[in-house]
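>>> next come a sequence and a model predicted from it.
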Amino acid sequence: MIDMSQLYNHLDYSAALGNFNHSIHERRWLGFRDIHLKVAKYKCPICECSLKQNELLTRSSKDGVTQIKATIDHYRPKDDSLYPRLVYEHTNYLLMCSDCNNAYKGNLFPLHSSTPQRAVSLIDIDAEKPLIVNPITDNLLALFTLVFRYTRSGKKVLELIARSDDAYLKEKAEETIKVFSLGDCEINVHQNRNVQICRINLLNDHFKKFYGFIEARKNKDNGKAIAEIRKYRLRDYGFYEFIIKEQYQNLI
């Protein structure tokens, strides 16, 4: 998962915000896509699939083949029964790939049981305890640990597990992992088989890119580690920071 905490401080953000404030387009939030992509290094902040036009994932679908593209949508859903007053609040927008956004999250926005009621304005938001992570505002390293492991069917995957001992933060991490199928990927099964196969294959691809790196670090083979970083552009991934901080488990 990719840390987006520098988004609002980026030099290009004020320009994007200015264009947004002067636009009357119904879906003017789409104008934030380019700056979100820059900060996320052209990856989905949730599942870390590539969002570069020449590297987009594809999967089977009822229409034949579906491309997994970049989307900007609402962290707190704009649905009339949820957060209609936050439709045009720029801090409520989040970059996700089209599968994380539409196939997994949709209008889901669970809250911790201690939240008294859903926010109706920005003033009320601080009282909420969301159970879905926001990579812009949450400390991801405090929430997750990486794990290299086998699935039940024997496939090698790179997944997330909850890290925090705090009850709320642990539940938040666990719910995020479940919603987006980022852990126990053969147990947290999506109702669309093609979506699920795509997610498992992505986690397997992440494993392939990073396993050689952690093995090189384990063996103190700096040359091999540097070669792996360059070959797969590993510094562009949020996973890289977890590994550098030794925040991972190798169960292979």
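Yep, that arrived.
>>> residues contacting residue 84?
residue 78 (Cβ atoms under 8 Å, 6 or more residues apart in numbering). Just so you know, the C-beta spots here come from the backbone N, C-alpha and C atoms, and that holds for glycine as well.
>>> per-residue confidence at it?
Note on residue 84: pLDDT of 90.
>>> please apply the same query to residue 171.
Residue 171 is given a pLDDT of 97.
>>> what helix or strand is it on?
Element membership of residue 171, judged by DSSP states H and E, is helix 167-180.
>>> what do you get for residue 205?
helix 193-218.
>>> what angle sits between the helix holding residue 171 and helix 193-218?
120 degrees (axes from the mean of the first three to the mean of the last three Cα atoms, to 10 degrees).
>>> what helices or strands is helix 167-180 leaning on?
Helices and strands touching helix 167-180, by 3 or more Cβ pairs under 8 Å, 6 or more residues apart in numbering; DSSP states H and E, are helix 140-143, strand 156-162.
>>> any chance of TSV for those, columns distance to residue 223 and mean pLDDT?
TSV is the format used below for the helices and strands packed on helix 167-180 (distance: least, Cβ to Cβ, whole Å; pLDDT from 0 to 100):
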stretch	distance to residue 223	mean pLDDT
helix 140-143	28	97
strand 156-162	23	98
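>>> tell me which of these sits most buried.
Highest mean neighbour count of the helices and strands packed on helix 167-180: strand 156-162, a mean of 21 (counted as mean count of other Cβ atoms under 10 Å).
>>> buried stuff in stretch 116-126?
By neighbour count on 16 or more other Cβ atoms under 10 Å, the buried set for stretch 116-126 is 119, 125.
>>> contact partners of it?
76, 82-83, 85-86, 89, 91, 111, 127-128.
>>> out of everything not next to it in sequence, what's closest to residue 237?
residue 48 (5.6 Å; Cβ to Cβ, 6 or more residues apart in numbering).
>>> any idea how many residues pack against the nearest residue to residue 156 once chain neighbours are set aside?
In space, and not counting its chain neighbours, residue 156 is closest to residue 207: 4.7 Å by Cβ to Cβ, 6+ apart. Counted by other Cβ atoms under 10 Å, the residues lying close to residue 207 total 18.
>>> residue 207 against residue 147, yeah?
No - Residue 207 lies out of contact with residue 147 (Cβ atoms under 8 Å); the separation is 10.1 Å.
>>> find the residues that touch each one of the two.
residue 158.
>>> the residue nearest to residue 237: neighbouring residues, count only.
Neighbour count for residue 48, taken as other Cβ under 10 Å: 24.
>>> what residues are up against it?
Shown in contact with residue 48 (Cβ under 8 Å, 6+ apart): 1-2, 206, 237-239.
>>> quick check: beta-bridge partners of residue 111?
When bridges are called by DSSP bridges, residue 111 pairs up with residue 130.
>>> pretty sure it sits against residue 128.
Yes - between residue 111 and residue 128 there is a contact at 5.9 Å, judged by Cβ under 8 Å.
>>> phi and psi next, for the most centrally placed residue in the chain.
In the chain, the centroid-proximal residue (Cα atoms, centre = their mean) is residue 46; its distance is 0.7 Å. According to degrees, to the nearest 10, the main-chain angles of residue 46 amount to phi -90, psi -60.
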